[in-house]
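Student: Mind looking at a prediction? Sequence and model below.
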Amino acid sequence: MPSDPTRFALPPAALRLRLDREALAHNWRMLDGWSGTATAGAAVKADAYGMGATVVVPELTRAGCRNWFVAHWGEAAVLLPHVPAEQIAVLHGPLNDADVAFALESGVRPVLNSLEQARRWYAAGGGVCHVMVDTGINRLGLAMGDLGDPVLQALTIDCCISHLASADEDVPQNAQQLDRFGQVRQQVPAQRYSLANSAGIMLGDAYHADLTRPGLALYGGIARAEMAGAIRQVAYPEAAVLQVRRIEAGEGVGYNATFIAPRPMRAGVIALGYADGYMRCWSGKGGLSWRGARIPVLGRISMDLTIVALDDVPGCGEGDWLTVDYDPVSAAAISGLSQYELFTLLGRRFFRQS
């Protein structure tokens, strides 16, 4: 008979994601304040951008957040033990009758993105819903030409949503989308309207409508330069040292020996690799720290392991924890990854304390 894994005490993980909860709550309060007369919600899709939705949502609830946006129905199910169902919006909408049934039974609000979804929802008896209209990103959402369809007038719409394509830049597209959103507000009857993401909040009052939907900036990302100095870092990935070894001058390190030791070196092997979201682009570029001292990455990142130089930290040994350099702006510049990718790539092997 197979062993019952619940009989055994699982040892601590060799990876952990330390979250600064005060910084998380601070960031939401800043974004809510910047939203003016609008209220800030929270995009918590992709497991709260990799931070862990079951950690983030209770913390933001305590801060005052009452509107949550996810992409998939399974993500909504994860939130149901933590917040009222009617506060949860599923951005991908009801693709089939099973989605509709889940929404009706649970009370989670679908975001309708097409006339087909709107008719499917209405035919099932519907109820309160949200509607997405595309004003220029050409992604999900009803086309502007669909807005005169009678089914939209028959719906009970809580929030009518659109999404900015280029709010992180000062480009004419922002004003074009704002103008189209004004037309949407005249044609789609809803209790509330929402346009601005994290970057859109910083475009000013005209973009705020009734509800803003920050995501990246909640988790410490700097969506626009105006946020620098006010939005705080939230995520601190940490990895344990698995082994300390001596490398002699002239020896290669890691796959394909992309680093050759110029002298005898003390090196550490840590429990972190590209399977955890620490991608190969960090090879030879990444850094970690221990008690304030910086520790450079040596050679190529592998699936489960990274090799680092420990010459400058003689007291650091097996079992000690190193903090990955993960300030989102500088980390994005070094790695070539976007801030969004830096967060959402963080893997499931990181322990996230609930």
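Tutor: In hand now; what should we look at? The structure presented is a predicted model; accordingly, all values stated were derived computationally and were not measured. Numbering: from 1, shown residues only.
Student: what about the protein, any weak spots by pLDDT?
Tutor: Scanning the chain for pLDDT under 70 picks out 1-3, 5, 354.
Student: Pop the domain breakdown of it in here.
Tutor: Per automatic domain parsing, the structural domains of the chain span 21-220, 236-325.
Student: May I have the distance across the shortest one, first residue to last?
Tutor: The first residue of domain 236-325 is 8 Å away from its last residue (C-alpha to C-alpha, to the nearest Å).
Student: now swap in stretch 83-97 and tell me
Tutor: Terminal residues of stretch 83-97 are spaced 24 Å apart (C-alpha to C-alpha).
Student: Flag every buried residue along it.
Tutor: For stretch 83-97, the neighbour count (16 or more other C-beta atoms under 10 Å) marks 83, 87-94 as buried. C-beta here means a position set from N, CA and C on the backbone, and glycine is covered the same way.
Student: Any idea how far it is from the middle of the chain?
Tutor: Offset of stretch 83-97 from its chain centre (C-alpha atoms, centre = their mean, to the nearest Å): 18 Å.
Student: Bridged to Ile247, which residues?
Tutor: Beta-bridge partners of Ile247, counted by DSSP bridges, are Met265.
Student: OK, contacts around it?
Tutor: Listed by C-beta atoms under 8 Å, 6 or more residues apart in numbering, the contact set of Ile247 reads 253, 261, 264-267.
Student: repeat for Ser166
Tutor: Residues in contact with Ser166 (C-beta under 8 Å, 6+ apart) are 173-174.
Student: if we go to 10 Å?
Tutor: Listed by C-beta atoms under 10 Å, 6 or more residues apart in numbering, the contact set of Ser166 reads 136-137, 172-174, 176-177, 199-200.
Student: do the same with Lys285
Tutor: By C-beta under 10 Å, 6+ apart, the neighbours of Lys285 are 296-297, 301, 325, 331, 334-336.
Student: returning to that earlier point: need the buried ones from the contacts of Ser166 selected in PyMOL.
Tutor: In PyMOL, the members of the contacts of Ser166 classed as buried (16+ other C-beta under 10 Å) are selected with the following command:
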select buried, resi 136+174+177+199+200
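Student: Let's see which of the contacts of Ser166 end up in strands.
Tutor: Using DSSP state E, no member of these sits in strands.
Student: Number of residues surrounding the nearest residue to Ala271 once chain neighbours are set aside?
Tutor: Excluding the flanking residues, the one nearest Ala271 by C-beta to C-beta, 6 or more residues apart in numbering is Ala14, at 3.7 Å. Ala14 sits with 19 neighbouring residues when counted by other C-beta atoms under 10 Å.
Student: which residues does Ala14 contact?
Tutor: Contact analysis of Ala14 by C-beta under 10 Å, 6+ apart lists 238-242, 270-272, 304, 319, 321, 349-351.
Student: Now do stretch 122-138: distance to the chain's middle.
Tutor: The chain centre lies 23 Å from the centre of stretch 122-138; the measure is C-alpha atoms, centre = their mean.
Student: now do the same end-to-end measure for that stretch.
Tutor: Stretch 122-138 has an end-to-end distance of 25 Å (criterion: C-alpha to C-alpha).
Student: Then stretch 145-155?
Tutor: Stretch 145-155 has its terminal residues 17 Å apart, counting by C-alpha to C-alpha.
Student: Quick one: distance of that stretch to the chain centre.
Tutor: 33 Å.
Student: one step back: got a PyMOL select line for the buried ones in the contacts of Lys285?
Tutor: If you want just the buried ones from the contacts of Lys285 in PyMOL, going by 16+ other C-beta under 10 Å, the selection is:
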select buried, resi 297+301+325+331+335
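Student: export the contacts of Lys285 to a markdown table and tack on distance to Gly204 and secondary structure?
Tutor: Formatted as a markdown table, the contacts of Lys285 follow (distance: C-beta to C-beta, whole Å; DSSP: H, G, I helix; E, B strand; the rest coil):
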| residue | distance to Gly204 | secondary structure |
| --- | --- | --- |
| Pro296 | 42 | strand |
| Val297 | 41 | strand |
| Ile301 | 42 | coil |
| Asp325 | 34 | coil |
| Ala331 | 29 | helix |
| Ile334 | 32 | helix |
| Ser335 | 32 | helix |
| Gly336 | 31 | coil |
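Student: I'd like the contacts of Lys285 laid out as TSV, including distance to Leu10.
Tutor: TSV is the format used below for the contacts of Lys285 (distance: C-beta to C-beta, whole Å):
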residue	distance to Leu10
Pro296	32
Val297	29
Ile301	26
Asp325	29
Ala331	30
Ile334	34
Ser335	31
Gly336	35
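Student: and which of the contacts of Lys285 is nearest Arg119?
Tutor: Gly336 (43.8 Å; C-beta to C-beta).
Student: any idea how far the closest residue to that closest one other than its chain neighbours is from Gly347?
Tutor: In space, and not counting its chain neighbours, Gly336 is closest to Cys281: 5.5 Å by C-beta to C-beta, 6+ apart. The gap separating Cys281 from Gly347 is 15 Å, by C-beta to C-beta, to the nearest Å.
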